[in-house]
Each structure stands twice: as C-alpha cells, then as structure tokens.
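*Asks:* Could you work out the structure for the sequence below:
(2 chains)
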Amino acid sequence: MSSQHPEQQADQLPARAEEERHEQPVARLGMFGAKTTGDTSGYGGLVVRQSPKISSPRPYGGPRTTGAEGEFDEIANELERAYPEFGEAIERVVVDRGELTLVIRREHLAQVAQVLRDDPKLRFELCTGVSGVHYPADTGAELHAVYPLLSMTHNRRVRLEVTCPDADPHVPSLVAVYPTNDWHERETYDFFGIVFDGHPALTRIMMPDDWQGHPQRKDYPLGGIPVEYRGAKVPPPDERRSYV
Amino acid sequence: MTATDYDAYGAGEATEGTVYNVNGQDWDQVVEGVATSDEDRMVINMGPQHPSTHGVLRLILTLDGETVDETRLGIGYLHTGIEKNMEYRTWTQGTTFCTRMDYLAPLFNEAAYCLAVEKLLGVTDDVPERAQVIRVMMMEINRISSHLVAIATFGLELGATTVMLNGFIEREYALDIFEMVAGLRMNMAYIRPGGVAQDLPPGAIDKIGDFVKREKHRLKQLRKLLDANPVFVARTKDIAYLDVTGCMALGITGPVLRSAGLPWDLRKTQPYCGYETYEFDVPTQQTCDVYGRYLVRMAEMDESLKIIEQCLDRLSSGSARSGPVMIEDKKIGWPAQLALGPDGMGNSPNHIAHIMGQSMEALIHHFKLVTEGFRVPAGQVYAAVESPRGELGCHAVSDGGTRPYRVHFRDPSFTNLQAAPAMSEGGQVADIIAAVASIDPVMGGVDR
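*Replies:* As a prediction, the model looks like this:
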C-alpha cells in the first residue's frame, strides 16, 4: 500500500509495516460474488485483510507533529487528570493521519464525554454527530459508533469511538451531554440498529417506521428490496448480470 | 371536507379526536367545525408537499389558536441511500454520488469528500496549487449561488416574489459559470480526489471576472430591496431567537451561529485548500434572529466576491497561472483529461489518441484506474469544510480496498434543522416559515 506514492512516508500510514497488516486474518477474498459488499467492477481479485487494531504509544504528538509531545498529549494528560478512571475507560489511543481517536469502553462513554465537554482545559463543546460503522469480521465488537468532537475554545478535534457486539447492540446515549446528538443517534439506530440507552425517543428517522432491518449494515444488501408499488423488485447489483 | 372519527391512515388508536381532511376550497367548513369543537389545541400537518417548507419537510404543529405549542419535524422523504451506494463504487465514483446530497452546494459536498479521501491517502499536500485555487474559486461561486437561493426562497416564503425572481436570476449567472467550467449546472462531480476534473476552459477567467463585477452591483440592489423594507423587517426582526448557548447545545454552525455573534468559520479557524492565504472577513451579527441571519448571508456573499477576485488574480497572473490540476501520482490521478465538447464534458480526443495509438502503459493505467480504481490504505478520517449552511463533515473509513468501506456525511442542514422547535415554539404560526427559512435546510442534504 505504501508503494502507491513514492513520496509517501511510511509513518504517514496507519499500517506502518506491511507485515503488520499481513498478520491480520483475511476479512474477505475476491471481489466477485462477495457476500458482504458485492463489487460490480469485476477486477482485482482483492484480498482484504482486517485493519489491524493500532494502539499508538506516547508521545502522541499533534496534527502536524510526530515523535514529540504535542496537542494530543495535552488532551490525554488533561483527560487523565480530570477523569481518574482514564486507564480503565480508554481501551486504546490511536493517532493516525494527524487525528486522535480515543477508543472508549462503552460503560464510560457518557462520563468521559461529560468531562470532555465541561473541563475548562478540554472544553469540547461541540459534538458533530455520531457515525456508525459495521465490521462483521470484528468478532465481539461488530458495531462501532464514532463521535467527532470539536473544541472551539482550543480549536482542536478529537474522535471518540465505542464498540458493541451485534448480540448486545447497546451504547449509552449522549443526548443529555450533547443535545445535538438526538437526530444523529436516531439515524445511527435506523441504519445500524445500535440502541442508544437513555435516548428520549429512539425511533427511525430516515426509513419508514415499519421498515424491517437496518440498511447500512454490511449484511444488508444494496437493492433487492421488494418495493410497495405493484410488486416491483430491483435485484441487487451482484445479481443483475452474470459474468460466468 | 369530511369530518370523520377514524384515522385516515388506518391506525385507529394513533389519533384522538376528530380528523379533518381538507381538500381545498372548504376552509369555511373547517373553521366552522373547529369553532364548535370543544378542543383547545389543534394538530396541524404542514408538508411534506407544502410550498413553504423548503422542500419535502413535514412539520407537525400543535397549535393553540395562532400560538405554536409544539413543533415536530418529519424528515426522510428524500432519503436516497447515498452513503450506502457509495460503498459499492470506487473512491473516484464517490464524488458523483455525494455531489447530489446538498443539491444547492454540490461543490462543498465534493470538497469535503475529496479532502477526506486525500487525507486517507496521505496526499493532502501533493494536490497542485492551481487545483486548490480553482477549488476555492468554484466553492465561493457556489456559496454565492447557494445564499442567493436561500434569500430568494426566503423572500418567496414570506410572500415577496420580486426577491425570488432577482435571486434566481443572479443564481443563473453562477450556474452558467459552472456549466462552462464543469460541463454541468448542478451535481458536477468537478472536484475529484487529487485535484479537479479538468482545467478552466479558455474564456472562463473573463466570464468569472464579469460575474464578480455584476454581482457587486446586483447584491447592492438586492440589499436596497430588503435591508430596510418595513414588511421584511417586521417579519424577520426578533423572530426565531437562538443564542450561542442554544447553538452550542444543538450543534448549530454556519450563518445561524454567526448571527448569534460567534465568528466561527472553518475557513479561518481550521483552513483547508489554502484558505489561510486569502484575505477575507467573517461577518457576524449580535441579533440572534432571522434578520441577523439574512444580514450575515448578504455580507458573506460580499466576502466571497473578494476571495473570487484574489483567485482570479492568482489564476491569471499569479503563482497558479499554469500547472497541472490533478495530482502527479499516476496511480491516483484520474488519467483521462476530460474535454468540453459541444454536448458537455466528455473524453478528450487527444487523450484517446494517446492511449489508443501511442502508449500501452497509459492505456493500462487508464484501464486499471477506471475499472478498478485506486486502493486507499486502511483507516478512518474526518474532514470538514465550511459549507454555506455550516460545518459539512465527512467521516470516511477505508478497509484498504478500492471502494469506501463507509462514508458518513455530517450535513449541516440535518443538524441545524433540529433547532426549528427551539426557534418556533411559543411563537406565532406564521413565524415558523421565517424560522425554517432562516435555517435554510436543503432536504437533499438532510435526508441523503
């Protein structure tokens, strides 16, 4: 991957060493007849490995600094000071492409967010929503909820990530801390089936109320859903043409 | 009119009281029916096909006379699954989808997405300067055209057709520029990962220069029409109040936030595409009301004109006078230098001659990139731009393949629309129209 661009430095990439990636189990093979997201281009014979679970060591640096103490270390230090259970709450810290991600155990999400919002040294007063991601191959943590936070006071960004298993898709709601997440959490529930405990009215927002399934999960096909008009049916892309 | 005791939609227990189905020309009967009724409050369904709701937005209002007790919003009527669809196409094809989200600001959608893809690739600093200047210029023209529609539809919804006509006439000139440069008036898919689809055609610089000259004059005229218009001021001043605290809690960005006095503009605070090298101001107002939002939008258009002029200088005689408009890396940069033909943008005859007649390597590159696309190293990023409506963020996840694993857009219309109840509850029913119009939601962006 790092050979894509001659000037691309290895340390700019998440997988610092190619080997690190090659150790990962294969998430899917080939593009044709893919059972998850079917490819329609038909070329490549791609081997897609699961992304490695990176855990960045200190110093975390900053958006433009690597290898030295920077903005990200400040955030981590201040959070550690303001939230003594830091070690327990934070599963991993990931610094990648100039962005800081805190992977948080879901039990601690609401408290960590409260501290991040209220502590004057942190002051992440704006949450720009929640984005769900479905990793069917990540056993035990299939569903991820990603919260990008913005501190206007300090002009910084940080990303919170929580995971939950498919079998128990519950994540605490952040609406009490960030009221803006009301619709965002409804959207993520609608599309991924993540249940945000404590949300005031967790109902579907985009799809009709009686819709079956959660459309943006990887096991949900694109198309192929019988529509309600005159029995029409659109076949999914991977069944429309046969190249065999 | 029919007055029935059953719910027209078949779910009997979902409705209490009498349901009136209004079919037009029977308002007298509705008024009579309500006058004799002993219920205090009325639930009114406004939209999704209502001329004043800014698109397919459904408002469910609980009214106590003319006072709004409760506002609820129903959205999702324009959901087209753009995020899901993008997972099935290559990274480059993604621009074609995401440009259709917020259809009044297509270039911002593309820019947010392409900045995210470039960040994932680690090539942010390799995008040629000329491409960045063109991006900035096109985005600012787009900001003007979007704000013009905001003000035009705003006027229309308050009953001022002159404003509507004037706004749309001026927007047409902006769309003419898009057509000349990108080949399409809307949904251009012009900004691509690594640069822009093609260089400016001959004559574009002059045309944009004329546009700037014209708009300077015409925006003044538009202000004369509205700034001190007593009817307009009465309908907008002190209406739909939302202060900084409310904006922060509800995640509101863009002109609504700046009308509350906070000069937060990502172009200044977290610059991208080289915005730090342009001179412009961030206009704010302290009024927190609809009128303030109108003034902010008008002032922003003037600032955009300033930026466009600086771009034109750089493109015609400055540092970005010539050069490539696509990243040099042949493994990422779209190989086909498209050309504008008489029927729009299409394959460049020169490029076809080159790959078919001269260079087998070029043909292979073309074939691989067009059919398979480039691979993006695994990881996730968040990139945000200041769209005409606020922070437009793109959360992109790659699994190392040739297609996005997941793309999520944080559309400002979606977030800002949540403020409608806070702005309108307790006010008059007529002010809801002004409140929603001042948020300027675009339902294509809300529902994606």
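
*Asks:* Give me the below-cutoff pLDDT ranges for the stretch 251-400 of chain B.
*Replies:* Along the stretch 251-400 of chain B, the parts satisfying pLDDT under 70 run over B:335-337, B:344-345.

*Asks:* in the helix or strand containing residue B:314, what's buried?
*Replies:* Using DSSP states H and E, residue B:314 sits in helix B:290-316. Residues B:290-312, B:314-315 are the ones in helix B:290-316 that count as buried (16 or more other C-beta atoms under 10 Å in any protein chain shown). Placement of C-beta: from N, CA and C, glycine included.

*Asks:* and the stretch 251-400 of chain B, which residues reach chain A?
*Replies:* By C-beta under 8 Å from any C-beta of the partner chain, the residues of the stretch 251-400 of chain B that approach chain A are B:251-253, B:262, B:264, B:269-270, B:329, B:331-332, B:368, B:371-375, B:377-382, B:384, B:391, B:393, B:395, B:397, B:399-400.

*Asks:* Please identify the helix or strand for residue B:95.
*Replies:* helix B:94-98.

*Asks:* Is that helix positioned near chain A?
*Replies:* No. Shown here: helix B:94-98 not in contact with chain A (C-beta under 8 Å from any C-beta), separated by at least 12.1 Å.

*Asks:* For chain B, give the residue positioned nearest to chain A.
*Replies:* Residue of chain B nearest chain A, by C-beta to the nearest C-beta: residue B:251 (2.8 Å).

*Asks:* Show me which of the residues of the stretch 251-400 of chain B next to chain A are buried.
*Replies:* B:251-253, B:262, B:264, B:270, B:329, B:332, B:368, B:372-375, B:377-382, B:384, B:391, B:393, B:395, B:397, B:399-400.

*Asks:* what about whichever strand or helix holds residue A:158, distance to the chain center?
*Replies:* Counting by DSSP H and E, the element that carries residue A:158 is strand A:156-164. Computed by C-alpha atoms, centre = their mean, to the nearest Å, the chain-centroid distance of strand A:156-164 equals 8 Å.

*Asks:* now stretch B:392-401
*Replies:* 20 Å.

*Asks:* With stretch B:260-269 instead?
*Replies:* 18 Å.

*Asks:* ok so, going back, which residue comes closest to the residue of chain B closest to chain A once chain neighbours are left out?
*Replies:* Distances taken as C-beta to C-beta, 6 or more residues apart in numbering or on different chains put residue A:180 closest to residue B:251, at 2.8 Å, once the chain neighbours are dropped.

*Asks:* And the residue of chain A closest to chain B?
*Replies:* For chain A, C-beta to the nearest C-beta, closest residue to chain B: residue A:180, 2.8 Å.

*Asks:* dump the residue contacts of that residue.
*Replies:* A:126, A:127, A:129, B:249, B:250, B:251, B:252, B:415, B:418 (C-beta atoms under 8 Å, 6 or more residues apart in numbering or on different chains).

*Asks:* Pull out the buried residues from these.
*Replies:* So, of the contacts of residue A:180, A:126, A:127, A:129, B:249, B:250, B:251, B:252, B:415, B:418 end up buried under the neighbour-count rule (16+ other C-beta under 10 Å).

*Asks:* Does the last one touch residue A:184 like I think?
*Replies:* No. When contacts are counted by C-beta atoms under 8 Å, residue B:418 is not listed as touching residue A:184 (9.1 Å).

*Asks:* intersection of neighbour lists for these two?
*Replies:* Joint contacts of residue B:418 and residue A:184 (C-beta under 8 Å, 6+ apart) do not exist.

*Asks:* mind listing the strands for the stretch 151-300 of chain B?
*Replies:* Per DSSP state E, counting those that start in this stretch, the stretch 151-300 of chain B carries strands over the ranges B:191-192, B:195-196.

*Asks:* Which strands or helices does the last one pack on?
*Replies:* It refers to strand B:195-196. Contacts defined by 3 or more C-beta pairs under 8 Å, 6 or more residues apart in numbering or on different chains; DSSP states H and E place strand B:195-196 against helix B:129-157.

*Asks:* which one is residue B:287 nearest to, not counting chain neighbours?
*Replies:* residue B:259 (6.5 Å).

*Asks:* Kindly provide the distance from the one you found to residue B:243.
*Replies:* Remark: distance between residue B:259 and residue B:243 (C-beta to C-beta, to the nearest Å) = 10 Å.

*Asks:* Residue A:58 now?
*Replies:* Distance from residue A:58 to residue B:243, by C-beta to C-beta: 40 Å.

*Asks:* CA atoms only for stretch B:186-203, dumped as PDB, please.
*Replies:* This file holds the C-alpha atoms of stretch B:186-203, laid out as PDB (Å, rounded to 0.1, in the frame of the first residue of the first chain):
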ATOM      1  CA  MET B 186     -25.600  21.200 -10.800                       C
ATOM      2  CA  ASN B 187     -24.100  18.000  -9.500                       C
ATOM      3  CA  MET B 188     -20.900  18.500 -11.400                       C
ATOM      4  CA  ALA B 189     -18.600  15.900  -9.700                       C
ATOM      5  CA  TYR B 190     -15.900  18.500 -10.600                       C
ATOM      6  CA  ILE B 191     -13.700  18.200  -7.600                       C
ATOM      7  CA  ARG B 192     -12.100  14.800  -7.600                       C
ATOM      8  CA  PRO B 193      -9.700  13.100  -5.200                       C
ATOM      9  CA  GLY B 194      -6.300  14.600  -6.100                       C
ATOM     10  CA  GLY B 195      -7.500  17.800  -7.900                       C
ATOM     11  CA  VAL B 196     -10.300  18.800 -10.200                       C
ATOM     12  CA  ALA B 197     -11.700  17.100 -13.200                       C
ATOM     13  CA  GLN B 198     -10.300  19.500 -15.700                       C
ATOM     14  CA  ASP B 199      -8.600  22.800 -16.200                       C
ATOM     15  CA  LEU B 200     -10.500  26.000 -16.700                       C
ATOM     16  CA  PRO B 201     -11.600  26.400 -20.400                       C
ATOM     17  CA  PRO B 202     -10.500  29.500 -22.400                       C
ATOM     18  CA  GLY B 203     -12.600  32.500 -21.500                       C
END
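
*Asks:* Strands of chain A, start to end?
*Replies:* A:26-29, A:47-49, A:90-96, A:99-104, A:126-127, A:131-134, A:143-151, A:156-164, A:170-172, A:195-197 (DSSP state E).

*Asks:* Take those strands and write them to JSON lines, including mean pLDDT and distance to chain B.
*Replies:* Output for the strands of chain A, formatted as JSON lines (pLDDT from 0 to 100; distance: least, C-beta to the nearest C-beta, whole Å):
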{"stretch": "strand A:26-29", "mean pLDDT": "60", "distance to chain B": "7"}
{"stretch": "strand A:47-49", "mean pLDDT": "60", "distance to chain B": "5"}
{"stretch": "strand A:90-96", "mean pLDDT": "87", "distance to chain B": "5"}
{"stretch": "strand A:99-104", "mean pLDDT": "91", "distance to chain B": "6"}
{"stretch": "strand A:126-127", "mean pLDDT": "92", "distance to chain B": "6"}
{"stretch": "strand A:131-134", "mean pLDDT": "92", "distance to chain B": "4"}
{"stretch": "strand A:143-151", "mean pLDDT": "93", "distance to chain B": "5"}
{"stretch": "strand A:156-164", "mean pLDDT": "92", "distance to chain B": "6"}
{"stretch": "strand A:170-172", "mean pLDDT": "92", "distance to chain B": "16"}
{"stretch": "strand A:195-197", "mean pLDDT": "92", "distance to chain B": "16"}
